[in-house]
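Participant: I would like the atomic coordinates for the input below:
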Amino acid sequence: MKFFSSLVQAIMTTIAENLQVVRARIGRAAQAAGRDARAVTLLAVSKTHPASRIIEAHAAGQRAFGENYVQEAVEKMHALGLDDALEWHLIGPLQSNKTRLAAEHFQWIHTIDREKIARRLSEQRPAELPALNVLIQVNVSGERTKSGVAAAEVEALARTIAPLPKLRLRGLMAMPEPGAERSRYREVRSAFAALARNFDIDTLSMGMSDDLEVAIAEGATTVRIGTAIFGARRREQHAA
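Facilitator: Have a look, this model is predicted:
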């Protein structure tokens, strides 16, 4: 029992230390870009990691968590039972048959890429809950294996989302390909600036463990960090 307690404490210390390191990176990146680090939200990507590790991260002061799979996330939510203590973001593709679960349980959806999904989320969001915060996913690299719309299609989709009563359009999300040129990030930044001319948006979700510095330099307001906090993720077994 003593060994087990020591092991748990060591894991908690590691996650707390990892969070501290990541927050320091965010601070340095923001300073280098002439920005306030408080304007950048750290989203801890907990997909495939057990609920116990989310508790550890929460104990270290982390509140916002990102999950790729709806069913996996809902199971964790029920297991944790922390209700308003945590903020849940869906950062993976959303299938039509999972929109009700997503609408009922998440506070943010980062991956809106078509009108059908947006309308279903609005219709299925419980009346007693506040409007669901949503981001349009931009496929800036044009990769067929990635979800998202082309930058040229963002405004048209935004115009269908903005009037939906139970959604609140907050901005854009993008995942430039690994090792992408700086120009990819600038394309997303330009798309965000263009959208902001006609819509009241405030969130650009871009940047992960390996590229948070360049993402922050190019205007990211949310960075999605998994490996640098939790370590290599476990084998993914859940469907979206």
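
Participant: so residue 161 touches residue 167, yeah?
Facilitator: Yes: counting by CB atoms under 8 Å, residue 161 touches residue 167, with 6.0 Å between them. Where you see a C-beta, it was placed from the backbone N, CA and C, and this is true even at glycine.

Participant: so what sits against both of the two?
Facilitator: Counting by CB atoms under 8 Å, 6 or more residues apart in numbering, the residues touching both residue 161 and residue 167 are 118, 134.

Participant: now the strands: where do they sit in the protein?
Facilitator: Using DSSP state E, the strands assigned to the chain run over residues 41-45, 64-67, 87-90, 108-112, 132-138, 167-174, 203-205, 222-225.

Participant: Turn the ones you listed into CSV, including distance to residue 78 and mean neighbour count.
Facilitator: Formatted as CSV, the strands of the chain follow (distance: least, CB to CB, whole Å; neighbours: other CB atoms under 10 Å):
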stretch, distance to residue 78, mean neighbour count
strand 41-45, 19, 22
strand 64-67, 13, 22
strand 87-90, 12, 22
strand 108-112, 19, 25
strand 132-138, 19, 25
strand 167-174, 24, 24
strand 203-205, 26, 25
strand 222-225, 23, 24
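
Participant: Include distance to residue 14 when you put those strands into a markdown table, please.
Facilitator: Compiled in a markdown table, those are given as follows (distance: least, CB to CB, whole Å):
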| stretch | distance to residue 14 |
| --- | --- |
| strand 41-45 | 14 |
| strand 64-67 | 17 |
| strand 87-90 | 23 |
| strand 108-112 | 27 |
| strand 132-138 | 30 |
| strand 167-174 | 28 |
| strand 203-205 | 26 |
| strand 222-225 | 15 |
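
Participant: Quick one: these as a markdown table, columns for distance to residue 75 and mean pLDDT too.
Facilitator: Output for the strands of the chain, formatted as a markdown table (distance: least, CB to CB, whole Å; pLDDT from 0 to 100):
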| stretch | distance to residue 75 | mean pLDDT |
| --- | --- | --- |
| strand 41-45 | 17 | 98 |
| strand 64-67 | 10 | 97 |
| strand 87-90 | 12 | 97 |
| strand 108-112 | 18 | 98 |
| strand 132-138 | 20 | 98 |
| strand 167-174 | 24 | 98 |
| strand 203-205 | 24 | 98 |
| strand 222-225 | 21 | 98 |
